[in-house]
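Student: with the sequence up front, the predicted model follows.
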4 protein chains.
Amino acid sequence: MTLAYRTPLPPETLAAHGVPADWRYGMADRVRFRELDVLDHVNNAVYLTWFETVRVAYVRDYGISRYRPEDPRMVLRATGAEFHAPLHLDDEYIVTARSTRMRRSSFQMAYGVFSGGRMAASGHAVIVMLEDDLRTRREIPDAIRQTLAARDGAVQE
Amino acid sequence: MTLAYRTPLPPETLAAHGVPADWRYGMADRVRFRELDVLDHVNNAVYLTWFETVRVAYVRDYGISRYRPEDPRMVLRATGAEFHAPLHLDDEYIVTARSTRMRRSSFQMAYGVFSGGRMAASGHAVIVMLEDDLRTRREIPDAIRQTLAARDGAVQE
Amino acid sequence: MTLAYRTPLPPETLAAHGVPADWRYGMADRVRFRELDVLDHVNNAVYLTWFETVRVAYVRDYGISRYRPEDPRMVLRATGAEFHAPLHLDDEYIVTARSTRMRRSSFQMAYGVFSGGRMAASGHAVIVMLEDDLRTRREIPDAIRQTLAARDGAVQE
Amino acid sequence: MTLAYRTPLPPETLAAHGVPADWRYGMADRVRFRELDVLDHVNNAVYLTWFETVRVAYVRDYGISRYRPEDPRMVLRATGAEFHAPLHLDDEYIVTARSTRMRRSSFQMAYGVFSGGRMAASGHAVIVMLEDDLRTRREIPDAIRQTLAARDGAVQE
């Protein structure tokens, strides 16, 4: 592979690596030695960090927050992963992200990890938008709602 | 608190720290600087590592595996966490574990993180028992089934 | 061991676990599964995190900084570790810290990791005190200088 | 930058990014959210993991070990880092490695982290070659000695 790493990949590159077309946002990376555990495969908690890495880029690139003082604070309410095939040292993978559902002040994301042409892991997260006090919920602006619906097909609940 | 750290706590100690009685297995620890992220609270992936720490001790103490060559290989099929209240530097917490459901060759666990008398986070995992080839499923022995039912009230499905 | 974990231990407890008397500050902990790497021993970078954990407590307990806005900002200029014996899952250890040398606006610390009655690893760090701009050096106050000299035998250079 | 990530870069690419010519081996990567700490810069222990990531690739690419059963076991005896400038979220960097000195059964490596055209951090490690018992030292083969001298200018002590 001569993938651009840690950079959003164009749709044709995602498709060429076996990522289904309903994933529009994905970045490539490679398994590091420290991400393995004694069992010689990627440790479960590491997948959440991969989801976080792609989420931070996604949130910026979709215009949800630029992490400026005036932007909403975003907090994770829940997250998880399912493991379909183990990953090993130096394996290349593409981690994908999309928004699936929106409520008044929260939205749900799905994640995928694709390697060797198949989905090695999947995941999800529920993200809540808050005011600076980190208590008061903040409504998702309409512009963002439209972006999530248009780009990812996220459904309003 | 003068808790014994990283050691299974007796039921009365769990109760004294606000852990409901249906949790029989828990260990205390304290938030480290490196477990925080830029937002100054414990990072989401760290909770999975806490669940793993208690799970490894639980699996040994319940006699599920002593990690010897003849013991079953255990692999995580899924895991996740829900966050109810943030944790900060030096917060003391008790992380609890129990088995909730059993199938032929897999079982489901629940986790809790208690701090300041309330549940700060909860979690779950699905664990599959495998032969050495890491492919063939291995049945859960009856003795273990009985232990999980007797100690934790785990239900056979 | 029935050690108090993650709490500064009294001198007699340190002595009882083989820590030489020139270490006055140490805390106990236990190796976690995630701290191991594929080689089944504690990964090298983890030792720096242990040094950091004890350093953060030391800095607070010695009154060097309480991490309030008016306190000096402290930045690591260098750090390192030497490994004398590997550590494994569930090994109990005591990580110790002391200040060894002071300059105008920086001081040097030494660290030790003791397990099974011997030193398993040692380490060091150079810490610089800065103003809020994180550029201008800030002189170490006399009161702190006296504390580091009196408690740890730190030498003014 | 349109760098190939996590892949050894050709000399002209290293030079174009301000890496001095005495570094022959380097790979690019980018700072992740989880690598930051509360102070909003890359945490000190993370640099050791970056050195490890490049070291594992270096050891393979220089033919020192392919991590097969018959290959020498390599253990870190010491490692450390010096910090010259902080790194922040999404900063791109090149981490470089070279061997500097060789003894009978150990060799010393140096590391660099280059970002924005300057060296942001440097580091070192002492690596010992051992037999499978992880106790008996194993002599460095002549072929490897010649490689380290020819490619990196490593000096025999």
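Tutor: Thanks, I have it.
Student: for the residue nearest to A:Val128 when sequence neighbours are not counted, which residues are in contact?
Tutor: Of all residues not flanking A:Val128 in the chain, A:Ser106 sits nearest, at 4.5 Å (C-beta to C-beta, 6 or more residues apart in numbering or on different chains). Every residue, glycine included, has its C-beta placed from N, CA and C. Going by C-beta atoms under 8 Å, 6 or more residues apart in numbering or on different chains, A:Ser106 touches A:77, A:126-129, A:137, A:140.
Student: please repeat the previous calculation with a cut-off of 10 Å.
Tutor: Residues near A:Ser106 by C-beta atoms under 10 Å, 6 or more residues apart in numbering or on different chains: A:74-75, A:77, A:126-130, A:137, A:140, A:157.
Student: same deal with A:Met74?
Tutor: Contact partners of A:Met74, counting by C-beta under 10 Å, 6+ apart, are A:55-56, A:59, A:64-65, A:67, A:106-107, A:127-130, A:138, B:39.
Student: list the beta-bridge partners for it.
Tutor: Using DSSP bridges, the bridge partners assigned to A:Met74 are A:Met129.
Student: circling back: most neighbours among the contacts of A:Met74, which one?
Tutor: Counting neighbours by other C-beta atoms under 10 Å in any protein chain shown, A:Phe107 leads the contacts of A:Met74 with 25 neighbours.
Student: from what I can see that one touches A:Leu148, true?
Tutor: Yes. Between A:Phe107 and A:Leu148 there is a contact at 6.5 Å, judged by C-beta atoms under 10 Å.
Student: quick check: neighbours shared by the two?
Tutor: Here A:Phe107 and A:Leu148 have A:64, A:99-101, A:140, A:154, A:156 as joint contacts, going by C-beta under 10 Å, 6+ apart.
Student: which of these tops the neighbour count?
Tutor: A:Ser99 (25 neighbours).
Student: check which helix or strand that one maps to.
Tutor: strand A:92-102 (DSSP states H and E).
Student: buried sites along that strand?
Tutor: For strand A:92-102, the neighbour count (16 or more other C-beta atoms under 10 Å in any protein chain shown) marks A:92-99, A:102 as buried.
Student: chain B contacts on chain A?
Tutor: When proximity is defined as C-beta under 10 Å from any C-beta of the partner chain, chain A approaches chain B at A:37-39, A:41, A:43-52, A:67, A:73-84, A:86, A:121-126, A:128, A:134.
Student: give me the buried subset of these.
Tutor: A:37-38, A:41, A:43-52, A:73-76, A:78-83, A:86, A:121-126, A:128.
Student: of the residues you listed, which belong to strands?
Tutor: Mapping those onto strands (DSSP state E) picks out A:73-76, A:78-83, A:121-126, A:128.
Student: what residues are up against A:Asn152?
Tutor: Actually, residue A:152 is Asp rather than Asn. A:Asp152 touches A:22-25, A:58, A:62, A:97-100, A:107, A:109-110, counting by C-beta under 10 Å, 6+ apart.
Student: one more pass at 6 Å, please.
Tutor: A:98-99 (C-beta atoms under 6 Å, 6 or more residues apart in numbering or on different chains).
Student: just the pLDDT for A:Glu157.
Tutor: Listed pLDDT for A:Glu157 reads 92.
Student: wait, doesn't it sit right on A:Arg103?
Tutor: Yes. Counting by C-beta atoms under 6 Å, A:Arg103 is a contact partner of A:Glu157 at 5.4 Å.
Student: so which of the two has more stuff around it?
Tutor: Neighbour comparison, A:Glu157 and A:Arg103: the larger count goes to A:Arg103, with 14 against 10 (by other C-beta under 10 Å).
Student: the more buried one against A:Gln156, yeah?
Tutor: No. Taking contacts as C-beta under 6 Å, A:Arg103 lies outside contact range of A:Gln156: 8.2 Å.
Student: ok, A:Tyr62 - contacts?
Tutor: Applying C-beta under 6 Å, 6+ apart to A:Tyr62 gives the contacts A:Thr147.
Student: distance of it relative to chain B?
Tutor: Separation of A:Tyr62 from chain B (C-beta to the nearest C-beta, to the nearest Å) stands at 20 Å.
Student: ramachandran angles for that residue?
Tutor: When read as degrees, to the nearest 10, the backbone of A:Tyr62 gives phi -90, psi 0.
Student: run through the bridge partners of A:Val113.
Tutor: Counting by DSSP bridges, the residues bridging with A:Val113 are A:Val95, A:Ala121.
Student: tell me how many other residues crowd it.
Tutor: For A:Val113, using other C-beta under 10 Å, the count is 27.
Student: right, and it touches A:Tyr93 too?
Tutor: Yes. In this structure, A:Val113 is within contact of A:Tyr93 by C-beta under 6 Å, at 5.3 Å.
Student: confirm that A:Val59 sits in a helix.
Tutor: Yes. Membership of A:Val59 in a helix is supported by DSSP: H, G, I helix; E, B strand; the rest coil.
Student: list the contacts for it?
Tutor: A:Ser65.
Student: same question, A:Ala121
Tutor: Per C-beta under 6 Å, 6+ apart, neighbours of A:Ala121: A:47, A:81, A:83, A:113.
Student: got the contact list for the nearest residue to the second one once chain neighbours are set aside?
Tutor: Put plainly, it is A:Ala81. Leaving aside its sequence neighbours, A:Ala81 sits nearest to A:Gly123 (C-beta to C-beta, 6+ apart; 4.1 Å). Residues in contact with A:Gly123 (C-beta under 6 Å, 6+ apart) are A:51, A:81, A:111.
Student: local confidence estimate at the first one?
Tutor: Put plainly, it is A:Phe51. Listed pLDDT for A:Phe51 reads 98.
Student: excluding sequence neighbours, find me the nearest residue to it.
Tutor: A:Tyr111 is the one closest to A:Phe51 (C-beta to C-beta, 6+ apart), at 4.5 Å.
Student: dump the helix or strand hosting the one you found to CSV, keeping only the CA atoms.
Tutor: According to DSSP H and E, A:Tyr111 maps onto strand A:106-115. Extracted in CSV, the C-alpha atoms of strand A:106-115 (Å, rounded to 0.1, in the frame of the first residue of the first chain):
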residue,chain,number,x,y,z
SER,A,106,-26.5,14.2,21.2
PHE,A,107,-25.6,12.0,18.2
GLN,A,108,-24.4,8.5,17.7
MET,A,109,-21.4,7.4,15.7
ALA,A,110,-20.3,4.1,14.2
TYR,A,111,-16.7,3.1,13.6
GLY,A,112,-15.1,0.4,11.5
VAL,A,113,-11.6,-1.0,11.3
PHE,A,114,-10.8,-2.6,7.9
SER,A,115,-7.6,-4.6,7.2
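Student: good, we can wrap up now.
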